[in-house]
Structures are given as structure tokens and as C-alpha cells.
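A.B. asks: fold the following, please.
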Amino acid sequence: MMAPHALCGARVFTGERLLEDHAVLVDGDRILDVLPAASVPAGFCRHDLGGGVLAPGFVDAQVNGGGGVLFNERRTAEGAKAIAMAHARHGSTGLLPTFITDHPDRQVEAVAAIREAIAAKAPGILGIHLEGPFLATARKGAHDPGLIRPLTDGDVDVLLDSGIDTVLLTVAAENASPRQIRRLTDGGVIVSLGHSDACYEMASAAADAGARGVTHLYNAMSPLEHRAPGLVGAALDHGGLWAGFIADGHHAHAAALRIALRAKQGPARLFLVSDAMPPAASSETTFALNGRTVTSRDGKLTLEDGTLAGSVLTMDQAVRYAVDHLHQPLTEALRMASLYPAQFLRLDRDRGRIAARFVADMVLLGDDLSVRRVWIAGVSG
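C.D. replies: As a prediction, this is how the structure comes out:
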């Protein structure tokens, strides 16, 4: 383990403020303090970062794959770790491997794999995201409609007994009752509404029952219409619903995302997700999803019928898109990649900021916002 040391020579974004001429003191896997560079105590080894911005590590709540690996196909702790390491090179210091609609026995294997990875302290793995199978076939997207089904009370029992602290579950409001949503949220599961054709009233009732978020805003959901606000309208109007969005220029028009950012009712926020698939952080161009071929072309992943099937996005690319195309200040774009998803996942007591007692998950960005260096739990990769 590295001796206590000071990271100097870069601007420091704490999650709240951008500081000049400050240093970050690190001891093991935790941050000791953030203080003026001139006040670094004697005895601390100083590491000059040579400029750039030192920011909280990115937190990605939706990662199907990366580095050539699809979690649905490689349902092991090693598969999850390979995905996490591929995305770590792009600044994601924490993520939820995402298991999409599949056979029940495979879901059991996926949950066991994440439980094993967390027990082994695998770097970057914070929990699991189960996207389906309790979705709406009308908004199935790339999910296999033959495997979609309603949520049962038995499913709720299984989910509450996963043995994983952070479980994110995407459900359609029409396939999960408010009573079931309340049971899940009372038991610690984070419920997100997605792949849903629910009306505004049904989505709002699910939120009132405890649903906390909306999965990939605009995509695979009932749209905002002037007499039928749909799930998009509920996501923007209900102050308790957080929402991730895919900032890749393919899943939603930049103008639609800018409008959503201006319209979102708080205190919940919008945040960045990658929805990444195996070609992300990889040179691969095709992969199999539930027996169907997905092809990457011009930065866009599609099934043979043209249906979007995840993305090749990484979180550093999403941050740059938020600055360049969504006209967000760098500080807000960084919050959307770190603090806000950490808050959504209830991990913000020790992640999403550079502050005393927080986990030393950090990313050093160059002036062009490319990733120059990454630390996970104080270890630089």
C-alpha cells in the first residue's frame, strides 16, 4: 500500500467547486483532506500531476458490457471485472454491471457473480443493475419479447434476498404493481421505470410508491405529448424521479436533452449513463445478443432491423458530449457523471466527491477532457 501522499499540480473539482492551487491528501483507499498546496504537511510525498483537472471518478449505473465482454454472456466475477477494467480506462471508477432480460437461471448466475466480485473487492464493481425481464413488450427495444413477463411476488422475494447491497431494478410500471414496488424499495432495492408504455398517472403512482428513477430517458418509453405526458413527462415533472440518459448523439437529439435538462423538476436530477455494450472500450464491431447479431457502425449499435441495442459510449465521451453539445459547464457535466449518479444510487456518503473520508476514486482529465490517469480506491491504474 502506498504511503500517505499529496496529489498536486492540477485543478481540483471537489464535486461542488473547482479549486486552484490545491492538493488532495490520500492515505490508502481514502482521501484525508483537500487543502491549499502550500499547506501540505511535512512528511507527505508530493506527486505533481502536471496540470489538468482532478475530478471524482465517474459512476455508471448502466453497463451491459465493454472491452469485448457482454455480462449476459459472461456471467462470472471475472467477466464483471473485465468490463469494469475496460471502462476504468475511460474514467469510470465505479459501475453496475447490467444484466438484461434473459432466462431466470442465467439471472441467478449473474447475481451470484456480482456477489462474488464484491466479496473479493473487485475494483469498480458497486452492485448490479437488472434491466428486465419485467418490462412492456410495446417498448421492448432490443430485449427479447419472448422472455418479458410481469413481476410476481416470488420475484420480489428473490430480489430482496440477493445478498447485494446495491441492486438497481428496471421495471415497466404496467408490469409491477405499486404494492410490489413499495416492497422492493422498503427492502433497499432501487427501482427505476423503463421500457414502459405507462401513462403519466401510472408512472407517477409508481414514483409515489417508491420508484426512484427512470432508465435511459426518452428511449423505450411513452413520449411527452401535450395531452398525454407519458413516462417522459413524469420523469421531468416528478421531483423524486432521477433519470439517466445516453449522451451519444444517437439515442436522443441534443436539443431534446437540452430541453430536458432545463425542464427537470428537482430535487432529483438527470445524470449520464453509457448503456455500453461489448464494442465500447474495444475494437470489436459485432456481438451476439440473445442469439441476434448486433453491429457497430459509425458509433451506433443496431440489430439487423435497425433497433438500437445499447451503445459504444464511455463516460469520458459522455462528459465531452455534455460540454460540447448540451452546453453544460464542465463542473455540471462532471457532476452528471459522478455526484448525481452516486446520489441516485445512495452511494454519495463516500463516492461522487473529492473530500475527506471519501473513497479515493478519482480521474485526471487533460485540457481536452481526455483521461490521463485514474485512481480506484487510491490505486492508480
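A.B. asks: can you show me the CA trace of the lengthiest strand in the chain as PDB?
C.D. replies: Determined from DSSP state E, the single longest strand within the chain is strand 92-100. Coordinates of each C-alpha in strand 92-100 appear next as PDB, following Å, rounded to 0.1, in the frame of the first residue of the first chain:
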ATOM      1  CA  SER A  92     -15.400   5.000 -14.600                       C
ATOM      2  CA  THR A  93     -14.200   4.100 -11.200                       C
ATOM      3  CA  GLY A  94     -17.500   2.500 -10.200                       C
ATOM      4  CA  LEU A  95     -20.300   0.900 -12.200                       C
ATOM      5  CA  LEU A  96     -23.200  -1.500 -12.100                       C
ATOM      6  CA  PRO A  97     -22.800  -4.400 -14.500                       C
ATOM      7  CA  THR A  98     -26.100  -4.700 -16.200                       C
ATOM      8  CA  PHE A  99     -27.900  -7.900 -16.900                       C
ATOM      9  CA  ILE A 100     -30.700  -7.500 -19.400                       C
END
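A.B. asks: average model confidence for that strand?
C.D. replies: Average pLDDT, strand 92-100: 98.
A.B. asks: what's downstream of that strand, the next helix or strand?
C.D. replies: Per DSSP states H and E, the first helix or strand lying C-terminal to strand 92-100 is helix 104-119.
A.B. asks: which residues does that following helix contact?
C.D. replies: Applying C-beta atoms under 8 Å, 6 or more residues apart in numbering, the external contacts of helix 104-119 come out as 71-72, 75-77, 79-81, 97, 99, 102, 125, 127-128, 130, 162-165. In this view, the C-beta of every residue, glycine as well, is placed from N, C-alpha and C.
A.B. asks: spell out the secondary structure type for Arg351.
C.D. replies: Assigned with DSSP: H, G, I helix; E, B strand; the rest coil, Arg351 falls in the coil class.
A.B. asks: give the helix, strand or coil label for the residue nearest to it when sequence neighbours are not counted.
C.D. replies: What sits nearest to Arg351 in space, not counting adjacent residues and going by C-beta to C-beta, 6 or more residues apart in numbering, is Ala342, at 4.6 Å. For Ala342, the secondary structure call by three-state DSSP comes out as helix.
A.B. asks: repeat that for Val374.
C.D. replies: strand.
A.B. asks: and it, how far is that from Leu272?
C.D. replies: 17 Å (C-beta to C-beta, to the nearest Å).
A.B. asks: neighbour count: the two, which is higher?
C.D. replies: Leu272 (29 against 23; other C-beta atoms under 10 Å).
A.B. asks: low-scoring stretches of the stretch 51-200 of the chain, by residue?
C.D. replies: Scanning the stretch 51-200 of the chain for pLDDT under 70 picks out nothing.
A.B. asks: would you map the strands across it?
C.D. replies: Secondary structure of the stretch 51-200 of the chain (DSSP state E, counting those that start in this stretch): strands located at 53-56, 58-63, 65-66, 69-70, 92-100, 128-131, 167-171, 190-193.
A.B. asks: for the ones you listed, which one sits closest to Gly28?
C.D. replies: strand 92-100 (15.5 Å; C-beta to C-beta).
A.B. asks: helices and strands around that closest one, which ones?
C.D. replies: strand 58-63, helix 77-88, helix 104-119, strand 128-131, strand 371-376 (3 or more C-beta pairs under 8 Å, 6 or more residues apart in numbering; DSSP states H and E).
A.B. asks: before we move on, back to that, can you redo the strands of the stretch 51-200 of the chain as JSON lines with distance to Ala6 and mean neighbour count?
C.D. replies: Output for the strands of the stretch 51-200 of the chain, formatted as JSON lines (distance: least, C-beta to C-beta, whole Å; neighbours: other C-beta atoms under 10 Å):
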{"stretch": "strand 53-56", "distance to Ala6": "12", "mean neighbour count": "26"}
{"stretch": "strand 58-63", "distance to Ala6": "23", "mean neighbour count": "30"}
{"stretch": "strand 65-66", "distance to Ala6": "32", "mean neighbour count": "32"}
{"stretch": "strand 69-70", "distance to Ala6": "36", "mean neighbour count": "25"}
{"stretch": "strand 92-100", "distance to Ala6": "20", "mean neighbour count": "29"}
{"stretch": "strand 128-131", "distance to Ala6": "36", "mean neighbour count": "26"}
{"stretch": "strand 167-171", "distance to Ala6": "36", "mean neighbour count": "26"}
{"stretch": "strand 190-193", "distance to Ala6": "36", "mean neighbour count": "25"}
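A.B. asks: now those strands as JSON lines including distance to Ala120?
C.D. replies: Formatted as JSON lines, the strands of the stretch 51-200 of the chain follow (distance: least, C-beta to C-beta, whole Å):
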{"stretch": "strand 53-56", "distance to Ala120": "24"}
{"stretch": "strand 58-63", "distance to Ala120": "18"}
{"stretch": "strand 65-66", "distance to Ala120": "19"}
{"stretch": "strand 69-70", "distance to Ala120": "17"}
{"stretch": "strand 92-100", "distance to Ala120": "14"}
{"stretch": "strand 128-131", "distance to Ala120": "15"}
{"stretch": "strand 167-171", "distance to Ala120": "18"}
{"stretch": "strand 190-193", "distance to Ala120": "23"}
